[in-house]
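Enquirer: Quick check, what structure comes out for this input:
(2 chains)
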Amino acid sequence: MKRKDKYRHTKSLLPFYRRDYFLVVSTCVLFLFGLLVLPDANSEKIHFLQLRLTFFSVLILAWAANILSDNLKPIWLHIIVTFSAIAVFLWMVFAYIGIGVSDLHHIFFNFSVMKGQWHLMLEGFITTMELALISAVLATMIGLIVGVMRLLNNKTLDIFLKIYLEFFRIMPILVILIIVYFGLPFLNITIGPFASGVLVLSLTNGAYISEIFRSGIASIHKTQYEASHVLGMSFPQTMRLVLVPQAFRIVFPPLTNRWIGILKDTAVCSFIAIRELLKCSQIITTQRANPTPLVIATTIYLGILIPLTIITTYLERRYKHTNK
Amino acid sequence: MKNRDDEIIIVNNLHKYFGKNHVLKGINTKIRKGEVVSVMGPSGGGKSTFLRCLNRLEEPSDGEIYIDGKEITDPHINLKKVRQEIGMVFQSYNLFPHLTALQNIALAPVNVKKKNRKEVEELGMQLLNQVGVADKADSYPDQLSGGQQQRVAIARALAMKPKIMFFDEPTSALDPEMIREVLDVMVDLAKDGMTMIVVSHEIGFIREASSRVLVLVDGNIIEEGEARQVFKAPKHDRTKIFLGKIL
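Expert: Numbering: from 1, shown residues only, chains lettered A, B, ... in the order given. All right, here's what the predicted structure looks like:
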């Protein structure tokens, strides 16, 4: 009895749009609006079709947002609302824009176009991984060296390092890539496409990573320097044995994020004729006039990046635990 | 100047400024081998600064410091070599959090003195035994209590086989029940004949172990003498006021 009273009491405090009757009414209204606004898909001419669809979409979004933002509503209701909203959207796309499921299958999942082309995809995949791995290693080394040099607090050195950092952080990576690959040959400096890609990816990301290292090492308390100094350690020893190992734990989460960022950045290299994953899928797409290779490339990117992200999150949590 | 052979630390007219703040105003003292010198005084009196100047964690502004016959205020001196002779224990332990207790101890002897790792680890275990935390050899600092951490820190300093040990308020950050275990280790060290300078207000320890007390007030040594003497009959009024507050 008591419990029920309490329930009723809290319910009476709810604003109207959180109450159950509002849910029922709003769902009915939505349904009526659907009948009213959305015409028969088979009719010849529909006035303001896009406007109608947009209007109805907004209504559905508002309806779903209202329910999903209410933590008191049961989880099954949230799930039903989410899926029905998605279903309605899909239905609108299929019914009014005129793409059927079989068309979808034929356009985006047409694996027959891949016949004899898989080796090209594989080549692209390997190139992408090579680019990413080599650049990640180089960028981390550059970042570590530059980050440590920043900590020496040498004013002259700092000016040069700052110029490097700011240049590569401000410039869009594609612009740098094009300057290196298409611009430098005019100065009689010719660098191959793969080398240019690695160079630009590692220089750009090295700039970011050096900041990660610098702030990570700077965040270690100065008493750690003192403790190593009184044991007679030199500056390089202090760096190598005390500061960098500790900094690694602090910088690990942002560092892995950057590594993932490098893997994503490799796609830019398709612009300078490196046959990496994106470029290869583009080649097949153009040849066969079908976007299936792009879908496959997307799947491969997701297939690598999703596990990486999960691993990063896991490590992040683990390091957080051991560090404190 | 002719130095007596057993005077291991000689401080002449040591001054230290932090900006315009005159922290040490001409300290003169001599410490002989095997002496345990306690430095007392109100906070802000320059005790820690004095200690930190002796191994140049702080740069002295003026004056000379000789340690074991070498002038360490000489800008060309190999500071690393000098510091290897001086162990230091901090108020906040300052263990390396990414290394286990034993690794903390072994780090400097292996990398600075280039000693064999196995020998160093044996020595490390011996030292951990001596300070009573041998069972924690493979624990990380954050798994140890404050008292245990401080004892490991003492073992870490001892592993370098220093001639002198500095203690900068080694028990100030500890809970009362842990103070004793750290002080016991220090008393043992003193009895073994280690030259020690201890910044501390632990009256019990000072009475029991120290051969001499320096009272440092406003950057000057205002009182210097045997512990019993200073506690029983302080000469300076300022010392009386200070002792009245802590006794």
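Enquirer: is stretch B:82-102 anywhere near chain A?
Expert: Yes - using Cβ under 8 Å from any Cβ of the partner chain, stretch B:82-102 reaches chain A at B:83-84, B:86-88, B:90, B:92, B:94-98. All C-beta spots, glycine's among them, are computed from the backbone N, C-alpha and C.
Enquirer: Would you work out how far apart the start and end of that stretch are?
Expert: 24 Å (Cα to Cα, to the nearest Å).
Enquirer: circling back to that earlier point, please identify which pair of the residues of stretch B:82-102 next to chain A lies farthest apart.
Expert: Farthest pair in those (Cβ to Cβ) is B:Ile86 and B:His98. Separation: 24.5 Å.
Enquirer: Which one of the two is surrounded by more residues?
Expert: The residue with more neighbours, out of B:Ile86 and B:His98, is B:Ile86; 25 against 20, by other Cβ atoms under 10 Å in any protein chain shown.
Enquirer: now, which of the residues of stretch B:82-102 next to chain A lie within strands?
Expert: Applying DSSP state E to the residues of stretch B:82-102 next to chain A, the entries found in strands are B:86-88.
Enquirer: okay, those in JSON lines with pLDDT next?
Expert: Output for those, formatted as JSON lines (pLDDT from 0 to 100):
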{"residue": "B:Ile86", "pLDDT": "94"}
{"residue": "B:Gly87", "pLDDT": "94"}
{"residue": "B:Met88", "pLDDT": "95"}
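Enquirer: out of those, who's nearest chain A?
Expert: B:Met88 (4.0 Å; Cβ to the nearest Cβ).
Enquirer: I figured the closest one hits B:Ile154, correct?
Expert: No - judged on Cβ atoms under 8 Å, B:Met88 makes no contact with B:Ile154 at a distance of 10.2 Å.
Enquirer: Pull out the buried residues from the residues of stretch B:82-102 next to chain A.
Expert: B:83-84, B:86-88, B:90, B:92, B:94-98 (16 or more other Cβ atoms under 10 Å in any protein chain shown).
Enquirer: Which of those fall in helices?
Expert: Residues of those located in helices (DSSP state H): B:83-84.
Enquirer: got the buried ones among the residues of stretch B:82-102 next to chain A as JSON lines, with distance to B:Lys161 columns?
Expert: Shown next, in JSON lines, are these (distance: Cβ to Cβ, whole Å):
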{"residue": "B:Arg83", "distance to B:Lys161": "13"}
{"residue": "B:Gln84", "distance to B:Lys161": "9"}
{"residue": "B:Ile86", "distance to B:Lys161": "11"}
{"residue": "B:Gly87", "distance to B:Lys161": "9"}
{"residue": "B:Met88", "distance to B:Lys161": "14"}
{"residue": "B:Phe90", "distance to B:Lys161": "19"}
{"residue": "B:Ser92", "distance to B:Lys161": "24"}
{"residue": "B:Asn94", "distance to B:Lys161": "20"}
{"residue": "B:Leu95", "distance to B:Lys161": "19"}
{"residue": "B:Phe96", "distance to B:Lys161": "19"}
{"residue": "B:Pro97", "distance to B:Lys161": "25"}
{"residue": "B:His98", "distance to B:Lys161": "24"}
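Enquirer: which residues does the residue nearest the centre of chain B contact?
Expert: By Cα atoms, centre = their mean, chain B has its centre lying nearest to B:Phe166, at 1.4 Å. The neighbourhood of B:Phe166, defined by Cβ atoms under 8 Å, 6 or more residues apart in numbering or on different chains, consists of B:51, B:54-55, B:86-89, B:196-198.
Enquirer: Just the element for it, please.
Expert: In this assignment (DSSP states H and E), B:Phe166 forms part of strand B:164-168.
Enquirer: ok and the residue in the stretch 51-200 of chain A nearest chain B?
Expert: Of all residues in the stretch 51-200 of chain A, A:Asn153 sits closest to chain B, at 15.9 Å by Cβ to the nearest Cβ.
Enquirer: Kindly provide the distance from that residue to A:Thr54.
Expert: In this view, A:Asn153 and A:Thr54 are 57 Å apart by Cβ to Cβ, to the nearest Å.
Enquirer: More neighbours: those two, which one.
Expert: Neighbour count, other Cβ under 10 Å: between A:Asn153 and A:Thr54, A:Thr54 has more, with 11 against 8.
Enquirer: May I have the secondary structure class of that one?
Expert: Here A:Thr54 is recorded as helix under DSSP: H, G, I helix; E, B strand; the rest coil.
Enquirer: mean confidence for the helix of greatest length in chain A?
Expert: Identified as the longest helix of chain A according to DSSP H is helix A:118-151. In this model, helix A:118-151 carries a mean pLDDT of 93.
Enquirer: all strands of chain B, in order?
Expert: B:7-18, B:21-32, B:36-40, B:62-67, B:70-71, B:86-89, B:164-168, B:195-199, B:212-217, B:220-225.
Enquirer: cool, the stretch 151-300 of chain A as well?
Expert: Using DSSP state E, counting those that start in this stretch, the stretch 151-300 of chain A contains no strands.
Enquirer: need the residues of it near chain B, please.
Expert: The interface of the stretch 151-300 of chain A toward chain B, taken as Cβ under 8 Å from any Cβ, is made up of A:223-224, A:226-234, A:237, A:241-242, A:245-246, A:249.
Enquirer: Quick check on those residues: which are buried?
Expert: Neighbour-count burial (16+ other Cβ under 10 Å) is assigned, among those, to A:224, A:226-233, A:237, A:241-242, A:246, A:249.
Enquirer: so where's chain B uncertain?
Expert: B:1-5 (pLDDT under 70).
Enquirer: Tell me the residues of it that contact chain A?
Expert: Along chain B, the residues adjacent to chain A under the rule Cβ under 8 Å from any Cβ are B:55, B:57, B:80-81, B:83-84, B:86-88, B:90, B:92, B:94-98, B:107-108, B:111-113, B:140, B:142, B:156-157, B:160.
Enquirer: make it 6 Å
Expert: Proximity of chain B to chain A (Cβ under 6 Å from any Cβ of the partner chain) is limited to residues B:57, B:80, B:83-84, B:88, B:94, B:96, B:98, B:108, B:111-112.
Enquirer: so how far is A:Leu90 from the spatially most distant residue from the centre of chain B?
Expert: The centre of chain B is farthest from one residue, B:Lys118, which by Cα atoms, centre = their mean lies 28.1 Å away. Counting by Cβ to Cβ, the gap from B:Lys118 to A:Leu90 is 69 Å.
Enquirer: Same check on A:Leu243?
Expert: 54 Å.
Enquirer: Among the two, which residue is more densely surrounded?
Expert: Higher neighbour count among A:Leu243 and A:Leu90: A:Leu243, with 23 against 11, using other Cβ under 10 Å.
Enquirer: which residues touch the more buried one?
Expert: A:Leu243 is in contact with A:217, A:220, counting by Cβ atoms under 6 Å, 6 or more residues apart in numbering or on different chains.
Enquirer: If we use 10 Å, what do you get?
Expert: A:Leu243 is in contact with A:148, A:151, A:213, A:216-218, A:220, A:224-225, A:228, A:235, A:237, B:96, counting by Cβ atoms under 10 Å, 6 or more residues apart in numbering or on different chains.
Enquirer: Please dump those into a markdown table; it should also carry distance to A:Ile134 for every row.
Expert: As requested, the contacts of A:Leu243 are exported to a markdown table (distance: Cβ to Cβ, whole Å):
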| residue | distance to A:Ile134 |
| --- | --- |
| A:Val148 | 22 |
| A:Leu151 | 26 |
| A:Phe213 | 19 |
| A:Gly216 | 23 |
| A:Ile217 | 25 |
| A:Ala218 | 29 |
| A:Ile220 | 30 |
| A:Gln224 | 33 |
| A:Tyr225 | 34 |
| A:Ser228 | 34 |
| A:Phe235 | 30 |
| A:Gln237 | 30 |
| B:Phe96 | 33 |
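Enquirer: Could you list which of those residues belong to helices?
Expert: Going by DSSP H, the helices hold A:148, A:151, A:213, A:216-218, A:224-225, A:228, A:235, A:237 from the contacts of A:Leu243.
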